[in-house]
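>>> Sequence first, then the predicted structure:
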Amino acid sequence: MENFQNGIHHISVLAGDAQRNADFYVTTLGMRLVKKTVNQDDPGTYHLFYANAKGSPGSSLTFFPWPMAIKGKAGVGEAVKVAFAVPVNSMEFWMTYLSKKGIEHSAVYERFTQQAISFKDPDGLMLELVFDEKAEEYPAWDQSQVPPHFGISGFKGTTLRLKNADPTAEVLKNIFHFEKREENENLLHFTSEADIGNSIIIEETKEDISSENGRGIIHHIAFRVKDKEDLIERRKQVKEMGLYPTEVIDRHWFDSVYFRSPGGVLFEMATDGPGYTVDEELEKLGEKLILPPWLEPRRKQIQEKLPEIVV
């Protein structure tokens, strides 16, 4: 396991068709499918985890695919963007590559002190590629059509759209150890010491932007905690802030606690360990359907409900 750093652990999103989702993130964007499992609260549906080559904390974007889901609309009180870190020298590659793939993208723009481009995934999720000098320290997947020296190394971060930044800023500071670094009009930038998953932008708005749940909507943002002891301590701190955390939940690859942030975004705290290699060898991550031990007796029934995914 890599050294612990405060930052984002994973981000989970609602999707539509599972095969289309895998095609986009593995085949097109070159991420690695590190865990093919099921939604533990709805085992008849997939939960897919995409990450860098090692499945590092701070690199996994996960999806709950529901083929019949309507297209969602992001509003106020939600996370509205996912930003990936890619090497600084990869800009020309990505601009050309996305165009060749027929993916409409923005021109290069400033994301505070760094340059970025944006585009959408097939379900409408807004994505950013941030050209980051630290990206080369985390290996991208080397078995894709994206050259690994240009590939996605993990998260840069996410953007939260809120009516009032201050209460959520207190949570970011006191619970997750993010500090406000920069401000630009209605955008506030918070960072941590992590190499990846170290950036949260709060977009303050006075508008009443309605939302509609569905595919392309971010379900929750998970933040790293060191271990179960750290998780229990931070859960206590969340309660002391007047918020309402769940009990500790065993997710098999990590322990977690959920709570609704003051601005409305669902936050999770997730331990770095035991990690995705607790039940698969690193070289074989994502190759077969993995179930947590308590669902293993239902494997035959679960597999009969799931469509085949080829990557």
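Thanks, I have the structure now.
>>> For the residue nearest to residue 262 when sequence neighbours are not counted, give me its contacts.
The shortest distance from residue 262 to any non-neighbouring residue, by C-beta to C-beta, 6 or more residues apart in numbering, is to residue 167 (3.4 Å). C-betas here are computed from N, CA, C, even on glycine. With contact taken as C-beta atoms under 8 Å, 6 or more residues apart in numbering, residue 167 is in contact with 261-263.
>>> next one: residue 257
231, 234-235, 238, 245-249, 268-269.
>>> Let's see which of those end up in helices.
The members of the contacts of residue 257 that map onto helices under DSSP state H are 231, 234-235, 238.
>>> Name only those of the residues you listed that count as buried.
Neighbour-count burial (16 or more other C-beta atoms under 10 Å) is assigned, among the ones in helices among the contacts of residue 257, to 231, 234-235, 238.
>>> would a markdown table of those with distance to residue 64 and pLDDT be doable?
As requested, those are exported to a markdown table (distance: C-beta to C-beta, whole Å; pLDDT from 0 to 100):
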| residue | distance to residue 64 | pLDDT |
| --- | --- | --- |
| 231 | 23 | 98 |
| 234 | 25 | 98 |
| 235 | 24 | 98 |
| 238 | 24 | 98 |
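>>> Tell me the spacing between residue 164 and residue 263.
7 Å (C-beta to C-beta, to the nearest Å).
>>> out of the two, which sits in the busier spot?
Comparing residue 164 with residue 263 by other C-beta atoms under 10 Å, the one with more neighbours is residue 263, at 23 against 13.
>>> about what we covered before: need the ones in helices among the contacts of residue 257 in JSON lines with distance to residue 13, can you?
Output for the ones in helices among the contacts of residue 257, formatted as JSON lines (distance: C-beta to C-beta, whole Å):
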{"residue": "231", "distance to residue 13": "23"}
{"residue": "234", "distance to residue 13": "24"}
{"residue": "235", "distance to residue 13": "24"}
{"residue": "238", "distance to residue 13": "23"}
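>>> can I assume residue 142 sits in a helix?
No: going by DSSP: H, G, I helix; E, B strand; the rest coil, the assignment for residue 142 is coil, not a helix.
>>> returning to that earlier point: quick one: which of the buried ones among the ones in helices among the contacts of residue 257 is nearest to residue 72?
Closest approach between those and residue 72, by C-beta to C-beta: residue 238, at 27.0 Å.
>>> That closest one and residue 245 touch, don't they?
Yes: counting by C-beta atoms under 8 Å, residue 238 does reach residue 245; the two are 4.6 Å apart.
>>> Common neighbours of those two, please.
257, 259.
>>> Who are the contact partners of residue 93?
147, 150.
>>> Kindly provide the distance from the nearest residue to residue 138 once chain neighbours are set aside to residue 63.
Nearest residue to residue 138, sequence neighbours excluded (C-beta to C-beta, 6+ apart): residue 153, at 3.9 Å. Remark: distance between residue 153 and residue 63 (C-beta to C-beta) = 19 Å.
>>> now the helices for this protein?
Using DSSP H, the helices assigned to the chain run over residues 18-22, 91-100, 165-174, 228-240, 299-305.
>>> Return the residues in contact with the residue nearest to residue 116 when sequence neighbours are not counted.
Closest residue in space to residue 116, ignoring its immediate chain neighbours: residue 130 at 4.6 Å, by C-beta to C-beta, 6+ apart. Applying C-beta under 8 Å, 6+ apart, we find residue 130 in contact with 83-86, 111, 114-116, 156, 199.
>>> Redo the residues you listed as CSV? Include neighbour count and pLDDT.
Output for the contacts of residue 130, formatted as CSV (neighbours: other C-beta atoms under 10 Å; pLDDT from 0 to 100):
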residue, neighbour count, pLDDT
83, 25, 98
84, 24, 98
85, 32, 98
86, 28, 98
111, 24, 97
114, 15, 98
115, 14, 98
116, 20, 98
156, 29, 98
199, 26, 98
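>>> so which of these comes closest to residue 173?
Nearest to residue 173 among the contacts of residue 130, with distances taken as C-beta to C-beta, is residue 199, at 14.4 Å.
>>> what are the bridge partners for the closest one, then?
Counting by DSSP bridges, residue 199 forms beta bridges with residue 157, residue 191.
>>> For the nearest residue to residue 18 once chain neighbours are set aside, grab the count of nearby residues.
Computed as C-beta to C-beta, 6+ apart, the closest residue to residue 18 that is not its neighbour in sequence is residue 65, at 3.9 Å. Using other C-beta under 10 Å, residue 65 has 24 other residues around it.
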